[in-house]
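> Kindly generate the corresponding structure for this input.
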Amino acid sequence: MSAAALTAGTVRAERVTVMASGLDHPWSMAFLPGGDVLVTERAGRLLRLVAGGKPRAIAGVPAVRLEKQGGLFDVVLHPRFADNGLVYLSYAAGTKAANFTRITRARLDGDRLVDARVIFQVSPAKDTPVHFGGRMAFLPDGSLVMTTGDGFDYREQAQRVQSGLGKIMRMADDGRPLAGNPFIGKAGAQPHIWSYGHRNPQGLAVDPVTGWLWEHEHGPKGGDELNLIQKGGNYGWPVATFGLDYSGATITPYKRYKGMIDGRAVWVPSIAPSGLAVYRGALWPQWQGDLILGALVNKEVRRVDVDAAGRVVGQERIFASITARIRDVRAAPDGAIWLTTDEEKGRVLRVTP
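All right, here's what the predicted structure looks like:
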């Protein structure tokens, strides 16, 4: 069950168009000004989808560490992309014994990335091939934020501001930590930290109207969370969680803890949320400000009804014809909802009423 009950979705007709197929675990999408779409494949390819044409590979993508959950993750455009052509990629890098999540910034020149440079790298490195985080977004002030995972075996690091694991990091568009970050000046603390106490964040989205930053993350056995992010906020992991260890053992006696921020929604059992969009489009006007997310375990797309105060007041499954592991969810400029499916022969889907 969830902290907000799932209701049966109203029967609606939706049109699902396959925009691309046969992709290797497509992970993320970004809409280019001219109508093309960039798509990342976890295996390390960046593709350009052109209406009516075959996907074209973009050259110059940095090498990624491809192992289990590791690979190429998110792609986002600079807010002034139309002027500067800057693209940001997050991905797993390093070695089996020492790996991390990294951000590279490059300029898109036709079908090639040029002037690429690493602008941020999570530290400390870890020796596990899972829980990388890697979701990125630009805030209204032009700063870039990225989620980092706890590395699975290093969950206590999520509570330590000396560690970059289990955090949301905020930086300038060139990777520098920004004045106003909550732990700048604190001895030993990492200056990029914006929030902490996260486990495995797989969704990050900014509401363009309110400026709110929404995040969701995987719990262990149960305890997936939807969070409204606050500067300096501690979101509890692993001190407070609704989940159990995969063995069934208790991780902590606390579901809530004083001074730690509760999730706006909690899913028990886990749905494994992935991909997140705040809907402000015209095609479903009744969904203004609501959240659209995918679910890897439940193989569904879900709408989370959010009120003007940021409270979750309901949930429903939408797009009932889609039954696949959903990795990414994006709201396109024209109001359509685009999805990627997490499969060896994954698809990019465009959904309209």
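> Can you list the buried residues in stretch 54-70?
Judged by neighbour count using 16 or more other Cβ atoms under 10 Å, the buried positions of stretch 54-70 are 55, 58, 60-62, 64-66, 69-70. For the C-beta atoms, the positions are set from N, CA and C on the backbone; glycine is no exception.
> Just the CA coordinates for it, please, in CSV.
Extracted in CSV, the C-alpha atoms of stretch 54-70 (Å, rounded to 0.1, in the frame of the first residue of the first chain):
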residue,chain,number,x,y,z
LYS,A,54,16.3,6.1,-37.9
PRO,A,55,18.1,7.0,-34.6
ARG,A,56,21.5,8.5,-35.2
ALA,A,57,24.5,7.9,-32.9
ILE,A,58,26.2,11.0,-31.4
ALA,A,59,30.0,10.7,-31.4
GLY,A,60,32.2,11.9,-28.6
VAL,A,61,30.4,10.3,-25.7
PRO,A,62,32.7,9.6,-22.7
ALA,A,63,33.5,6.0,-21.8
VAL,A,64,31.3,4.6,-19.1
ARG,A,65,31.7,1.8,-16.6
LEU,A,66,29.0,-0.7,-17.7
GLU,A,67,28.3,-3.2,-14.9
LYS,A,68,25.0,-4.2,-13.4
GLN,A,69,23.3,-0.8,-12.7
GLY,A,70,26.3,1.2,-13.9
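> From the rest of the structure, what touches that stretch?
By Cβ atoms under 8 Å, 6 or more residues apart in numbering, the surrounding residues in contact with stretch 54-70 are 20, 23, 38-39, 42-50, 71-72, 89, 91-96, 99, 102, 104, 106, 108, 111-114, 116, 118, 129-132.
> Now M19. Its backbone dihedrals?
Backbone torsions of M19, given as degrees, to the nearest 10, read phi -90, psi -20.
> Start at 367, not 1
Noted, 367 is the first residue going forward, which turns the last one into M385.
> you'd agree it is up against R716?
Yes. With contact defined as Cβ atoms under 8 Å, M385 reaches R716; the gap is 5.2 Å.
> what sits in contact with each of the two?
Both M385 and R716 are in contact with W704, where contact means Cβ under 8 Å, 6+ apart.
> before we move on, what SS does the closest residue to Y520 other than its chain neighbours have?
The spatial neighbour of Y520 that comes closest, neighbours along the chain excluded (Cβ to Cβ, 6 or more residues apart in numbering), is L531 at 5.5 Å. When classified by DSSP: H, G, I helix; E, B strand; the rest coil, L531 comes out as coil.
> How many residues are close by L531?
By other Cβ atoms under 10 Å, 29 other residues sit near L531.
> Ramachandran angles for it?
Taking degrees, to the nearest 10 as the convention, L531 sits at phi -90, psi 140.
> gap between it and S489?
9 Å (Cβ to Cβ, to the nearest Å).
> Likewise for S394?
23 Å.
> So the two - more neighbours on which side?
The residue with more neighbours, out of S394 and S489, is S394; 25 against 13, by other Cβ under 10 Å.
> Could you say which helix or strand holds that one?
Using DSSP states H and E, S394 falls within strand 392-397.
> pLDDT on that strand, on average?
Model confidence over strand 392-397, given as mean pLDDT, is 98.
> And stretch 498-515, by the same measure?
Stretch 498-515 comes out at a mean pLDDT of 98.
> End to end on it, go ahead and measure it.
End-to-end distance of stretch 498-515 (Cα to Cα, to the nearest Å): 5 Å.
> quick one: the helices in this protein?
447-450 (DSSP state H).
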